[in-house]
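In: sharing a model prediction with you, sequence too.
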Amino acid sequence: MKRYLSILTLSVCLLGVVLPALAQAPKKIPADKQRALLWKPDKGQYYFSHALVFDYQNKADKTAGTLKVHLDPVTGAMCFVKETSFGQGGKAFDFVIGFPDGKYIFCGTDEDGKKVRVNEVVKEFKPDADTKKQQQDDFKTYCVPTENKREEFGLTATEYDLTYATSGNKEKIWLTKTSFSVYPLYGLEFVESAVSLPVSFDYMNLLPSDLLLSEIDSKDLVLKLKNFGKDPYMANTKGYAVVKVND
């Protein structure tokens with residue numbers, strides 16, 4: 001009898017460990033009713049039902065404000081609009097659409113006033129086996145989770161101790177587990193077209209695609225995810241003529 005009680009106790013303990021871990025897996029965000037009508041990539045029409053909204057303070061540049069990133073939860077595509085994201089960091093472009101496969105669409109106006117579209121692919125989205133292994137090792141080495149967790153906007157965020165390899169400096173960051181890839185946001189650091197966000201999200205070589213940097217307070221940057229929820233936006237690439245850029 002004692003043996004069976006011991007086995008039962010062990011099973012209960014294991015369930016106590018496994019079930020919370022399974023519960024932490026983020027649920028996929030379902031498509032809203034408008035998406036079926038408005039998501040038409042073949043016609044150059046893209047519908048984004050949700051948005052990530054960050055408050056930021058760039059201490060180095062002495063700037064502060066709000067940054068919005070529109071999201072299609074179904075595909076993971078993201079849209080960056082001049083007025084609410086990159087601003088003067090991309091004077092020639094009206095908006096940018098990024099996809100989890102590394103493809104980007106830039107729509108704007110050239111020096112002659114013509115509406116143009118530039119397509120670009122970021123190869124860093126598909127690293128080779130060695131690069132991917134190095135990323136995984138670096139994440140385990142330099143990002144150590146603390147015991148602090150919190151629920152926000154229906155997602156789970158975990159605090160990490162981040163150590164910088166070059167300087168050895170440490171700081172605390174919060175990473176939010178997502179059901180979609182955040183690489184379209186991180187990958188904007190690699191594009192050759194002249195667009196840059198007011199703060200750097202240069203974390204693709206360190207963080208997995210399902211971990212969003214949702215808070216950091218460092219000597220150079222203060223960033224916090226202020227909101228995540230429904231905020232419909234539609235981008236239309238129709239009328240922008242495709243132009244080729246030098247490789």
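Out: Ah, there it is. Residues are numbered from 1 along each chain as shown.

In: what about G44, distance to C107?
Out: In this view, G44 and C107 are 9 Å apart by C-beta to C-beta, to the nearest Å. C-betas here are computed from N, CA, C, even on glycine.

In: the residue nearest to the spatial centre of the chain - nearest residue in space that isn't next to it in sequence?
Out: Central residue of the chain (C-alpha atoms, centre = their mean): V182, 2.7 Å from the mean position. Using C-beta to C-beta, 6 or more residues apart in numbering and skipping residues adjacent in sequence, the residue nearest V182 is L212, 4.6 Å away.

In: mind telling me what element the one you found is part of?
Out: Assessed by DSSP states H and E, L212 sits inside strand 211-217.

In: kindly report the same for F80.
Out: Assigned by DSSP H and E, F80 belongs to strand 77-81.

In: mind giving me the packing neighbours of the following helix or strand past that strand?
Out: Counting by DSSP H and E, the next helix or strand C-terminal to strand 77-81 is strand 93-98. Judged by 3 or more C-beta pairs under 8 Å, 6 or more residues apart in numbering; DSSP states H and E, the packing partners of strand 93-98 are strand 77-81, strand 103-109.

In: T156 contacts L175, correct?
Out: No. If you go by C-beta atoms under 8 Å, T156 and L175 don't touch, sitting 9.7 Å apart.

In: ok now do the residue nearest to V182, which residues does it touch?
Out: Taking C-beta atoms under 8 Å, 6 or more residues apart in numbering as the criterion, L212 is in contact with L52, L175, T176, K177, T178, V182, L185, L225.

In: what do you get if the cut-off is 10 Å, keeping everything else the same?
Out: 52, 54, 69, 155, 157, 174-178, 180-182, 185-186, 201, 203, 225, 228 (C-beta atoms under 10 Å, 6 or more residues apart in numbering).

In: what do you get for A60?
Out: The contact partners of A60, taken as C-beta under 10 Å, 6+ apart, are V199, S200, K219, D220, L221.

In: for N119, state which of those is nearest.
Out: The closest of the contacts of A60 to N119 turns out to be S200 (C-beta to C-beta; 23.9 Å).

In: in contact with that closest one, which residues?
Out: Counting by C-beta under 10 Å, 6+ apart, S200 touches N58, A60, Y186, L188, E189, L213, D220, L221, L223.
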